[in-house]
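**Student:** Quick one: sequence and predicted model below, then my questions.
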Amino acid sequence: MKPQKQVIISIGREFGSAGHEIAERIAKRYGLSLYDHNLLREVADSHNVNPEELEIFDEMKHNKFLYRTVKGMSSSPADNVAMMQFNFLREKAEKGESFVVVGRCSETILKDYAGLISIFIIGDMDQKIARVARLYGKTDKEAERFIKEKDRKRKKYHDSHCKTKWSEPHVYDLSLNSSTLGVEGSVEFLSSYIDKRIARMK
């Protein structure tokens, strides 16, 4: 059931933790829009550009040595793509919309909104390896390397755009190990937590 008050559910996640699937289920349960990799298409449509032109620079680390910022404008395409997404999310929040967003530094850029609930999903490495190996057709060793590569990229992207550190528990309202409860159990636990947070909102 869609909340009557503004609720923004930010879900960060380790690769292979089923964080994206959990976000999808949470969005469906509450009848909310989900912004994840589709965010670029939304941004591209609003700026009348080809989304493929933006995807090249999606979730890339900010490099202060290669590019510079003058009067708020960056010479880095990756920075500009990131800012377009951040501004899109801020505009949605400013309009009072409720939604679920996966990653995109949302726990930081939307922290001033009272309806924000920020969650970070982790998982045990053996279970993450098994999940990624199954979903991507990789060996266990390949899956482990893939997980570490993806998480390293996410951390660099997040930490280059935020003063806070990716995955550190104090940055989020709640951190959850999905390996403990499984996907369905994690959704149930988080839904209970979200319901209680909504009930306490003024």
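**Tutor:** Thanks, I have it.
**Student:** Wait, a helix at residue 101?
**Tutor:** No - counting by DSSP: H, G, I helix; E, B strand; the rest coil, residue 101 is not part of a helix but strand.
**Student:** which element is the nearest residue to residue 15 once chain neighbours are set aside on?
**Tutor:** The shortest distance from residue 15 to any non-neighbouring residue, by Cβ to Cβ, 6 or more residues apart in numbering, is to residue 150 (3.8 Å). Where you see a C-beta, it was placed from the backbone N, CA and C, and this is true even at glycine. Following DSSP states H and E, one finds residue 150 within helix 140-161.
**Student:** Now that helix: average pLDDT?
**Tutor:** Averaging pLDDT along helix 140-161 gives 95.
**Student:** Could you name the helices and strands sitting against that helix?
**Tutor:** On a contact count with 3 or more Cβ pairs under 8 Å, 6 or more residues apart in numbering; DSSP states H and E, helix 140-161 meets helix 77-94, helix 125-136.
**Student:** Packed most tightly, which of the ones you listed would that be?
**Tutor:** Counting by mean count of other Cβ atoms under 10 Å, helix 77-94 has the highest mean neighbour count of those, with a mean of 18.
**Student:** gap between that one and the chain center?
**Tutor:** Once both centres are worked out by Cα atoms, centre = their mean, to the nearest Å, helix 77-94 turns out to sit 13 Å from its chain's centre.
**Student:** What of stretch 160-180?
**Tutor:** 11 Å.
**Student:** For it, which residues meet the burial criterion?
**Tutor:** 160-161, 164, 166-167, 171-173, 175-176, 178-179 (16 or more other Cβ atoms under 10 Å).
**Student:** Equivalent analysis for stretch 118-125, please.
**Tutor:** Residues of stretch 118-125 classed as buried under the neighbour-count rule (16+ other Cβ under 10 Å) are 118-123.
**Student:** circling back to that earlier point, just checking, next helix/strand downstream of the helix holding residue 150?
**Tutor:** Sequence-wise, the next helix or strand downstream of helix 140-161 (DSSP H and E) is strand 174-177.
**Student:** now for that next one, which elements pack on it?
**Tutor:** Partner elements for strand 174-177 (3+ Cβ pairs under 8 Å, 6+ apart): strand 116-122, helix 178-200.
**Student:** Pick the most deeply packed of these.
**Tutor:** strand 116-122 (a mean of 22).
**Student:** Name every sheet partner of that strand and say whether each one runs parallel or antiparallel.
**Tutor:** strand 8-13 (parallel), strand 174-177 (parallel) (DSSP bridges).
**Student:** other SSEs contacting the helix or strand following the first one?
**Tutor:** Stepping forward along the backbone from strand 8-13, the first helix or strand reached (DSSP H and E) is helix 19-30. For helix 19-30, the packing partners by 3+ Cβ pairs under 8 Å, 6+ apart come out as strand 8-13, strand 33-35, strand 99-102, helix 178-200.
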